[in-house]
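Enquirer: Here is my input, please return the structure:
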Amino acid sequence: QVHLVESGGGLVQPGGSLRLSCAVSGFTSRHYAIAWFRQAPGKGRERVSCIENLDGTTYYAAPAKGRFTVSRGDDRRTVYLRMDNLQPEDTAVYYCSTDPNGNIVGACPGSFGSWGQGTQVTVSS
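Expert: Below you'll find the model as predicted:
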């Protein structure tokens, strides 16, 4: 069973940075993709970035381009989301997600059947 655990959230001032981590376990292969989503209070869940674990292909949604960087650890079992120049509108719970069957579309999971518990990011002065 695929298991995802996020960490690294917290309170940061506008203009600051955070690096989120997503620890991945349960896959029998390293050929899968991880997506990062966020959900702000009162809003729907929004996909912000993806990474294909083997070749490192990435995807960024418009709000993430130029400020967020997704990467994977050398062990290929951890995915990171580095967020720079954070703004109050980035305040949300951030989740990582994957297709537990390892399906991939571009740089993103083919579906989102497995989710972590989320980590809170708050951007405020």
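Enquirer: any idea how far Val48 lies from Arg30?
Expert: With the distance defined as Cβ to Cβ, to the nearest Å, Val48 ends up 23 Å from Arg30. In short, each C-beta sits where N, CA and C put it, glycine included.
Enquirer: wait, Val5
Expert: The spacing between Val5 and Arg30, counted by Cβ to Cβ, is 18 Å.
Enquirer: Let me see the contact set for the residue most central in space within the chain.
Expert: With the centre of the chain defined as its mean C-alpha position, the nearest residue by Cα atoms, centre = their mean is Trp36, 2.5 Å away. For Trp36, the contacting residues are 20, 22, 47-50, 70, 79, 81, 94-97, by Cβ atoms under 8 Å, 6 or more residues apart in numbering.
Enquirer: and with 10 Å instead?
Expert: Applying Cβ atoms under 10 Å, 6 or more residues apart in numbering to Trp36 gives the contacts 6, 20, 22, 46-51, 59-61, 64, 68, 70, 79-81, 83, 94-97, 116.
Enquirer: Low-confidence bits of the chain, can you list those?
Expert: Scanning the chain for pLDDT under 70 picks out no residues.
Enquirer: Mind jotting down where the strands sit in the chain?
Expert: Taking DSSP state E to define them, one finds strands in the chain at 3-7, 10-12, 18-25, 33-39, 45-52, 58-60, 68-72, 78-83, 92-98, 104-105, 108-109, 114-115, 119-123.
Enquirer: Quick one: list the elements packing against the second one.
Expert: Here strand 10-12 touches strand 18-25, strand 119-123, going by 3 or more Cβ pairs under 10 Å, 6 or more residues apart in numbering; DSSP states H and E.
Enquirer: One more: the fifth one?
Expert: The criterion is 3+ Cβ pairs under 10 Å, 6+ apart, and the helices and strands that strand 45-52 contacts are strand 33-39, strand 58-60, strand 68-72, strand 78-83, strand 92-98, strand 104-105, strand 108-109.
Enquirer: and the closest residue to Arg76 other than its chain neighbours, how many neighbours?
Expert: Counting by Cβ to Cβ, 6 or more residues apart in numbering, Arg76 lies nearest to Arg30, which is 5.0 Å off, once chain neighbours are set aside. In terms of burial, Arg30 registers 13 neighbours under the definition other Cβ atoms under 10 Å.
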